[in-house]
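**Student:** take a look and give me a structure for this.
(one chain, ligands or ions: 1)
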Amino acid sequence: MNNDCLFCRIVAGEIPATVVHETDTTLAFRDIGPKAPVHVLVIPKDHHADIAALATTDPKVAADVMAAAAAVAAAEGLTTDGYRLMFNSGRHGGQEVFHVHAHVLGGRPLGPMLAPQ
Ligand code: AMP
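**Tutor:** All right, here's what the predicted structure looks like:
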């Protein structure tokens, strides 16, 4: 655990979150500032800064995060109409919290993949 990391503190139960799914290696909770009717974050319980760090050091847990995201999407009723799974990475990717997390977004048409310039 990284004591300076917001999401590590959520895993530790020090900061409250609305948890919707949990496994031995992953936790999924609702985003505090939802950008769509369904907006859930899926994280590994262990601290890794971004998806590249996770995939390099623990590919099995990277797969666990993907499987958990799919389970969340199904539980949230997103299977029929679809959803977006997104990992922001680094400054240009818009990453704000440096504990890797998958955004599961859905519940309405999400529009183009990127905002117009
Ligand atoms: P990113 O920009 O990809 O790093 O996304 C970080 C996300 O974390 C944003 O969508 C925030 O709304 C969300 N967030 C920040 N603090 C919390 C929190 N305490 N509980 C749930 N989601 C949070």
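**Student:** given the longest strand seen in the chain, what are its sheet partners and their directions?
**Tutor:** In the chain, taking DSSP state E as the definition, the longest strand is strand 38-44. Using DSSP bridges, the neighbouring strands of strand 38-44 in the sheet come out as strand 26-30 (antiparallel), strand 102-106 (antiparallel).
**Student:** show me what the biggest helix by length in the chain is packed against.
**Tutor:** When the chain is parsed with DSSP state H, its longest helix is helix 59-75. The elements that helix 59-75 packs onto, with contact taken as 3 or more CB pairs under 8 Å, 6 or more residues apart in numbering; DSSP states H and E, are strand 19-22, strand 26-30, strand 38-44, helix 51-57, strand 83-86, strand 102-106. Glycine gets a C-beta too; all of them are placed from N, C-alpha and C.
**Student:** mean pLDDT, distance to residue 96 and mean neighbour count added to the ones you listed, as CSV?
**Tutor:** Output for the helices and strands packed on helix 59-75, formatted as CSV (pLDDT from 0 to 100; distance: least, CB to CB, whole Å; neighbours: other CB atoms under 10 Å):
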stretch, mean pLDDT, distance to residue 96, mean neighbour count
strand 19-22, 98, 20, 16
strand 26-30, 98, 16, 21
strand 38-44, 98, 11, 23
helix 51-57, 97, 15, 15
strand 83-86, 98, 13, 18
strand 102-106, 98, 11, 22
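**Student:** how about the worst-scoring helix or strand of the chain on mean pLDDT as CSV, C-alpha atoms only?
**Tutor:** Ranking every helix and strand in the chain by mean pLDDT, DSSP states H and E puts helix 90-93 at the bottom, with a mean of 94. Taking Å, rounded to 0.1, in the frame of the first residue of the first chain, the C-alpha atoms of helix 90-93 are listed here in CSV:
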residue,chain,number,x,y,z
GLY,A,90,0.0,9.9,-18.3
ARG,A,91,-0.3,13.6,-18.8
HIS,A,92,-1.6,13.5,-22.4
GLY,A,93,-4.0,10.7,-21.5
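**Student:** sweet, I'm off.
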